[in-house]
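>>> fold the following.
(2 chains)
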Amino acid sequence: DAGITQSPRYKITETGRQVTLMCHQTWSHSYMFWYRQDLGHGLRLIYYSAAADITDKGEVPDGYVVSRSKTENFPLTLESATRSQTSVYFCASRGRIGLAGGVIQYFGAGTRLSVL
Amino acid sequence: GQQVMQIPQYQHVQEGEDFTTYCNSSTTLSNIQWYKQRPGGHPVFLIQLVKSGEVKKQKRLTFQFGEAKKNSSLHITATQTTDVGTYFCAGSNTGNQFYFGTGTSLTVIP
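Numbers count the residues shown, from 1 in each chain, chains lettered A, B, ... in the order given. Model (predicted):
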C-alpha cells in the first residue's frame, strides 16, 4: 500500500536492550524525519535525513542512531534503551502539496515504546 | 535555538463554543503549518501559511499568520465533537526542519 508505515506499532523492552523501529515510505520522498512525542513536550525532532546516506541530528539525538541506506527506509535504533526513552515515536516524510505547492510532512501511525 | 511556544496546553469547551490556540516563535518564520492529531492517531496536515498577515479559512477553522511572521493562531467557530484532538503549529525558517509547538489539546463537551 502506498504511504508511510511504521513497525512495530507497540513495543515493550527492557533497560539496556537494543531496539530498532522501522519506517518505510513508498513515495520516494527525499526527506524523512523521526520525532518523539511526550506529554508537555509536543513533537521533538530526533534525526532527519535529506537523502539516502545523508542524516543529521535534530533537537534530541542522544541515545539514538539512524541510517538511510535506501530512500524508502529510515530505521531508528536505540542502542541501549533507557526508561527516559519511553515515548511515542513518529516517522514522517516530506512531500509537496500538488505540483507547485509547499512541502508538508506525512506522518506514520507511530510506535508506542515502553522501556521497563 | 529556535523555539515555538503554543498556548494554551489544554482547553475544554462546551459544544458550540469557540476555540482559539496561539503559536509564538522566538524567531521570524518563513512559513508556518498547522496539524491536527486525533486521540490515538498521528498528526495530519491542515494548512500552511506563508505570507505576512495571511488569513486562510477551512469551513469553521480560521488560520492567521502575524504581520511580523513570528506568531500564528487557529480559531474554531462553534466547536463540534469532531474537533476533539491536539492541534500543533510547526514553524520553519529554512524549509528543511519544522519546529513543532507543544500542542493544544482540545476537549469538546457535548
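
>>> average pLDDT for stretch A:83-94?
Computed over stretch A:83-94, the mean pLDDT rounds to 96.

>>> bridged to residue 10, which residues?
Defaulting to chain A. Using DSSP bridges, the bridge partners assigned to residue A:10 are residue A:112.

>>> wrong chain, I was asking about chain B
With DSSP bridges as the criterion, residue B:10 is bridged to residue B:105.

>>> next: residue A:32.
With DSSP bridges as the rule, residue A:32 is bridged to residue A:49, residue A:93.

>>> could you do residue B:22 as well?
Beta bridges link residue B:22 to residue B:7, residue B:73, judged by DSSP bridges.

>>> make sure it is actually in contact with residue B:7.
Yes. Under the criterion of CB atoms under 8 Å, residue B:22 makes contact with residue B:7 at 5.3 Å. C-beta here means a position set from N, CA and C on the backbone, and glycine is covered the same way.

>>> more neighbours: which of those two?
residue B:22 (18 against 14; other CB atoms under 10 Å in any protein chain shown).

>>> tell me which element the residue positioned nearest the centre of chain A falls in.
Centroid-nearest residue in chain A: residue A:34, 2.8 Å away (criterion: CA atoms, centre = their mean). Under the criterion of DSSP states H and E, residue A:34 resides in strand A:32-38.

>>> just checking, what packs against that strand?
strand A:19-25, strand A:42-51, strand A:87-96 (3 or more CB pairs under 8 Å, 6 or more residues apart in numbering or on different chains; DSSP states H and E).

>>> need those in a markdown table (columns: mean neighbour count and distance to residue A:76).
Output for those, formatted as a markdown table (neighbours: other CB atoms under 10 Å in any protein chain shown; distance: least, CB to CB, whole Å):
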| stretch | mean neighbour count | distance to residue A:76 |
| --- | --- | --- |
| strand A:19-25 | 20 | 5 |
| strand A:42-51 | 20 | 7 |
| strand A:87-96 | 21 | 7 |
